[in-house]
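In: Starting from these lines, generate the structure:
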Amino acid sequence: MKLAVTLNETLKNKTTVNQAVVKWLSWTARGCLAPLTAAFGGIVSQEVLKALTGKFSPLQQWLYFDTMEIFETLDSTNSDQFQPRGDRYDALRACVGESICHKLRNLNVFIVGCGAIGCEMLKNFALLGISTGSEQGMITITDPDLIEKSNLNRQFLFRPQHIQKPKSYTAAAATLTINPQMKIDSHLNKVCPSTENIYNDNFYTQVDVVVTALDNVEARRYVDSRCVSNQCPLLDSGTMGTKGHTEVIVPKLTESYNSHRDPPEEEIPFCTLKSFPALIEHTIQWSRDKFESSFSYKPSMYNKFWDTYISIDNVLKRMEKGESLEGSFQAVKLISRWPTDWHHCVSLARVKFEKYFHHKAVQLLHSFPLDTKLKDGSLFWQSPKRPPCPIQFDINDELHYSFIASAARLFAAIYRIPYTEQDISKESVSRLLSEVKIPKFTPSAKQIETDENVKKSDQAKLAVSSEEERVAIELLNQARRVGVANKDHLHMMPVSFEKDNDINGHIDFITAASNIRAKMYNIDTADRLKTKRIAGRIIPAIATATAAVSGLVALEVIKLVGSHPFEAYRNCFFNLAIPIIVFTEPAAVKRTQIRNDISFTIWDRWTIYGAADFTLLNFIDAVKETYKVEPTMVVHGVKMLYVPVMPGHVKRLKLTMQKLVKPTVDRKYVDLTVSFAAESDGDEDLPGPPVRYYFRPEAN
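Out: Sure, this is the predicted structure:
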């Protein structure tokens, strides 16, 4: 301190010496806080990229931020806590002391997701010595995904030889090379309602902190709800390109992730995708939908139908008797068109081309001629609607050839038809196409949807009309006569979209189909890379932002372990491109008032213990007696157990809770939503905290 004061006196522009900063800087100068270096490393690396590429705005000469809030609670800690002990954690110990190091070693962590952030998080935890205790401490990590080629640029624990291997197992093995003392339990499960038998309440009660490394909002909301239900701290983070955020959620202190909601993403209207595209994104999504329908959904539906009905003869007899079989028309159409060789696959592709890019345009212009006017006298074909131009097939057009070749390959895949590299050459395909007969198209009087509010119909609804039943019988009889309908053709091979395999033809099909449709509507085309990004729903990602958010989250882990006060925690939002970095305190938990003397927060939970003969009326009386307020409505999930104004609900008061809820054999309790009457007449009922109802008395 004396040195700092003396040095300040020599300066022309003297300043006030911050004694706390000087104290902790000198105290920790021989230490190193790995998460802080990771965060700074991400920021500095982005600056290096800016210098090399000239892209984005550089820092204005100076950036400073500290984590003094970690050290302020250590003021009274014995100095012996910070002394070196000759192990790999001396630099960490110099910053936070041995007691926190010990707690980190015994920490139980649940990491959900093992992508870019998950990999960085494991690295930070390895450097902090988390879950390295000899008796306690465990990191449980789960991720159902396999490693893809596109992951390698930012998920640094993975290498080319790991492609198509499980992320969680591979990341755990790589992390153990950084710190062999760590204990990691790897899973391949999603964290969702269907896995609550694995990640149950007992599991969460043994976890000290949950860390999410997820890429979608719904999964975050579900994990958050489980953490709130089980009073477990949650650290969330995410990135999109150079943007990143971190959020700390602490029981009893902060709001939860579900306390705030972003507006839902707007979907492209169905009529826009089907008939009136205006952007390349519309044609790419249309192409992706066609891929899923033709090569994934229909083959899966086909397999389900024949798994259900098994015999062709049995199906034909039942249909001839007038029995309606769900999915029969679609299944019979597919079996009647079953290709026998590569030539037939090329024919199917050529017919699809004509249907998608010629017949559809002719039909649309037939239904809405160019001079069509609306009721108000304005032209139907005006921005954003673009009139289509029917496409004439030309084998010398690379897009046309690419569509035929990729579509034929996909048909060959689902029908298990062999082909060679020579078969997909332009010369070979051109020769086969010369023999294909294109069916003549006659425009129909069918109605074309123009209302943007109409949603896409559910493909699962496979009701069959009487005319379709008649056609299906004819097709099936014809298929039997020519030998196509046989037991070897009762199973197709559905294709799952894979964007990272450049030789499977998936992106080739979508790129060709999208760009031909774009030309049909006079829309600017997109290259293969842009098409792959949009069709594959690839979220822009860069390792610099990932390193920064994971470092910031790991700093919050240290605060949680040290039981720091509310003021010590920090949420962060940054955009390294601008650059901007904003730290804020998390939102304090809100308290809801039911009565003058009764209030609750999202972290509160009321508890009622019942018995086998406990009725709904007993439950309502128990809540009233225990918490001094009478329920006016009881809801279980989406099921209304008791709403007095609903017909027949008053009679439910005499029914047992067991009969109303119908719990599984191993279910000990159920969480119910209960509302209470407002103090003033005419006001809406007030929601209360979740009421956990146990089916057995407390002693059991």
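
In: Tell me the helix or strand right after the helix or strand where residue 365 lies.
Out: If you go by DSSP states H and E, residue 365 is part of helix 360-367. Counting by DSSP H and E, the element after helix 360-367 in chain order, helix or strand, is helix 398-415.

In: Could you verify my assumption that residue 334 touches residue 490?
Out: No - between residue 334 and residue 490 there is no contact under C-beta atoms under 8 Å: 10.6 Å. Placement of C-beta: from N, CA and C, glycine included.

In: and stretch 52-62, how far out from the chain's middle?
Out: 32 Å (C-alpha atoms, centre = their mean, to the nearest Å).

In: end to end, how far does that stretch reach?
Out: With C-alpha to C-alpha, to the nearest Å as the measure, the first residue of stretch 52-62 is 19 Å from its last.

In: How about stretch 413-423?
Out: Terminal residues of stretch 413-423 are spaced 14 Å apart (C-alpha to C-alpha).

In: hmm, who's touching stretch 341-357?
Out: With C-beta atoms under 8 Å, 6 or more residues apart in numbering as the test, stretch 341-357 has contacts from 290, 294, 337, 339, 390-391, 393, 400, 403-405, 407-409, 411-412, 415, 417-419, 423, 429, 432-433, 435-436, 438-439, 441, 513, 516-517, 520.

In: redo that, cut-off 6 Å
Out: Contacts to stretch 341-357, defined as C-beta atoms under 6 Å, 6 or more residues apart in numbering, come from residues 339, 391, 393, 403-404, 407-408, 411-412, 417, 419, 423, 432-433, 436, 438, 516, 520.

In: and the residues you listed, which are buried?
Out: 339, 391, 393, 403-404, 407-408, 411-412, 417, 419, 423, 432-433, 436, 516, 520 (16 or more other C-beta atoms under 10 Å).

In: Find the residue at the geometric middle of the chain.
Out: Residue closest to the average C-alpha location in the chain (C-alpha atoms, centre = their mean): residue 216, at 3.2 Å.

In: show me what contacts that one?
Out: Counted by C-beta under 6 Å, 6+ apart, residue 216 has zero contacts.

In: For it, give me phi and psi.
Out: Backbone torsions of residue 216, given as degrees, to the nearest 10, read phi -150, psi 150.

In: ok, it to residue 112 distance?
Out: For residue 216, the distance to residue 112 equals 11 Å [C-beta to C-beta, to the nearest Å].

In: Show me the strands in the stretch 451-600 of the chain, by range?
Out: All strands of the stretch 451-600 of the chain, identified by DSSP state E, counting those that start in this stretch, fall at 571-575, 580-584, 592-595, 598-600.

In: Tell me the strands beside the first one, with direction?
Out: Read it as strand 571-575. Strand pairing for strand 571-575, determined by DSSP bridges: strand 243-249 (antiparallel), strand 580-584 (antiparallel).

In: What are the contacting residues of the shortest one?
Out: Contacts to strand 580-584, defined as C-beta under 6 Å, 6+ apart, come from residues 570, 571, 572, 573, 574.

In: give me the number of residues near the fourth one?
Out: Neighbour count of residue 573, defined by other C-beta atoms under 10 Å: 14.

In: Hmm, it is touching residue 245, no?
Out: Yes - judged on C-beta atoms under 6 Å, residue 573 makes contact with residue 245 at a distance of 4.9 Å.

In: Name the residues contacting each of the two.
Out: Common neighbours of residue 573 and residue 245 (C-beta under 6 Å, 6+ apart) do not exist.
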